[in-house]
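[1] How does the following fold in three dimensions:
(2 chains)
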Amino acid sequence: MLTCREITELANGYLDHELPLLSWAQVRMHLLMCAHCRRYIDQLADAVNLLKGLPQELPPAEVEEKLIACLRDQGVTRLPE
Amino acid sequence: MKDGAAPAENDGDGMLDRLRRGDEATFRSLVRKHHASMVSFARSFLRDRSAAEEAVQDSWMAVISGIGSFEGRSSLKSWIFAIVANKARTKAKRDGRMVPFSAFGSADEPAVDAERFTPEGSWASPPGSWSDINPERIVAGRQLLAHVMAILETLPAAQRTVVKLRDIEGLSAPEVCDVLEISEANQRILLHRGRSRVRQGIENLMAGQASPEVQGEPEGGPQAGP
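    Next comes the predicted model:
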C-alpha cells in the first residue's frame, strides 16, 4: 500500500494521466480509503485550474506600436480586408 | 526545435497564410497575444528586463523572416517560444551570463514538507479545507488569481518557467522539452515541484499565514490515512 507521502509525489502524474497502470491503480486504491489524500489531489487540481485561468498580459501600447513599426520595416504591410 | 507534433491551433482561420503574406493586423494580434509572455519567458535566461526585451524584439524579426519556411508541424506558439529561447540563450552567452537551465532544478525537493507526515508516511498535518475556490474570490484584500500570480513569481526560475509554459501557455510536455532543451524526466519533476508549491502557497493563503507549515483539521483526522 502506498503511503500518503508517496501519493503526494505521484499526484501530478496522476492528474496528468502519466502514471503506469499499476501505479495509477495503487493511487486509486489509496484515494478510496484516504480523505486527506483525496483533498490533496483535489487541491492540486484546483491550483492547476487557477493557473490555467490566469489572464494573458497585454504589451504596453507604445511597445506594441514600436514593434509594429519595426515589423513594417521588415516588409509587414496592411493587407486589404 | 523539432517541428514534430501536429497541433490544430495553427491555421484554422488562415492565420499562417496571412502571416506569410505579411499582414500587419495578423502580426499585431500575434504580438498582443504573445509578446508579454515572451518577455517573461526570455527572463528565464536573461535577468535584465531590457536585455530580455531586446531578445524578444530580435525574435519577432526572426519570426517574420522564418514564417515562410515554418511548416506548421509544431504549434506556432512553441515555434515562437523556441526562437525566443535561442535568441535569449545567444544573448546570455554573449554577455557572459549564461546559466544552464538544468542548474536551476532541485530534484530532491519534496512535494510536501516532510514534517507534515508521520515517520510511517501518513499525514500528521493534513491539508486544510478550501472553501469556494472561485478565481474572483477576494482573499486578504485581493482576488485569488492575483495571489496565484504572486505565488508563481516566488517559484524557482526553472519551475516557474515550466509551469508557465505548460499551464498558462498550454504547451505540451514534448514541446516544453524541445523549447527548453531538457529531458522529459526533468520537465516532469520541475512541473510537479512547481505546481506543488503553488498548491502550498494557496493553502498558506487560505489558512491566513505566510509560512508553509499549516495545521489543518479536516474531517476524519490524521488517522484517516492508510
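[2] Low-confidence stretches in chain A?
    Along chain A, segments meeting pLDDT under 70 span A:77-81.
[3] Spell out the residue ranges of the helices in it.
    Counting by DSSP state H, chain A has helices at residues A:4-15, A:21-33, A:35-52, A:61-73.
[4] Just send those helices back as a markdown table, with mean neighbour count and distance to residue B:183 too.
    C-beta coordinates here come from the backbone N, C-alpha and C atoms, glycine included. Putting the helices of chain A into a markdown table (neighbours: other Cβ atoms under 10 Å in any protein chain shown; distance: least, Cβ to Cβ, whole Å) gives the following:
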| stretch | mean neighbour count | distance to residue B:183 |
| --- | --- | --- |
| helix A:4-15 | 21 | 16 |
| helix A:21-33 | 14 | 20 |
| helix A:35-52 | 20 | 22 |
| helix A:61-73 | 14 | 34 |
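[5] for these, which one sits closest to residue B:165?
    Residue B:165 lies closest to helix A:35-52 among the helices of chain A, at 11.2 Å (Cβ to Cβ).
[6] Export stretch A:36-56 to PDB, keeping only CA atoms.
    What follows is stretch A:36-56, C-alpha atoms only, in PDB (Å, rounded to 0.1, in the frame of the first residue of the first chain):
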ATOM      1  CA  HIS A  36      -6.800  13.600   3.300                       C
ATOM      2  CA  CYS A  37      -5.200  12.500   0.000                       C
ATOM      3  CA  ARG A  38      -8.400  13.000  -1.900                       C
ATOM      4  CA  ARG A  39      -8.400  16.500  -0.600                       C
ATOM      5  CA  TYR A  40      -4.700  17.000  -1.500                       C
ATOM      6  CA  ILE A  41      -5.300  15.800  -5.100                       C
ATOM      7  CA  ASP A  42      -8.400  18.000  -5.400                       C
ATOM      8  CA  GLN A  43      -6.400  21.000  -4.200                       C
ATOM      9  CA  LEU A  44      -3.600  20.300  -6.700                       C
ATOM     10  CA  ALA A  45      -6.200  20.100  -9.500                       C
ATOM     11  CA  ASP A  46      -7.700  23.400  -8.200                       C
ATOM     12  CA  ALA A  47      -4.200  25.000  -8.300                       C
ATOM     13  CA  VAL A  48      -3.700  23.800 -11.900                       C
ATOM     14  CA  ASN A  49      -7.100  25.200 -12.900                       C
ATOM     15  CA  LEU A  50      -6.300  28.500 -11.300                       C
ATOM     16  CA  LEU A  51      -3.000  28.700 -13.200                       C
ATOM     17  CA  LYS A  52      -4.800  27.800 -16.500                       C
ATOM     18  CA  GLY A  53      -7.200  30.700 -15.800                       C
ATOM     19  CA  LEU A  54      -4.600  33.400 -15.300                       C
ATOM     20  CA  PRO A  55      -5.300  36.300 -17.700                       C
ATOM     21  CA  GLN A  56      -2.900  37.000 -20.600                       C
END
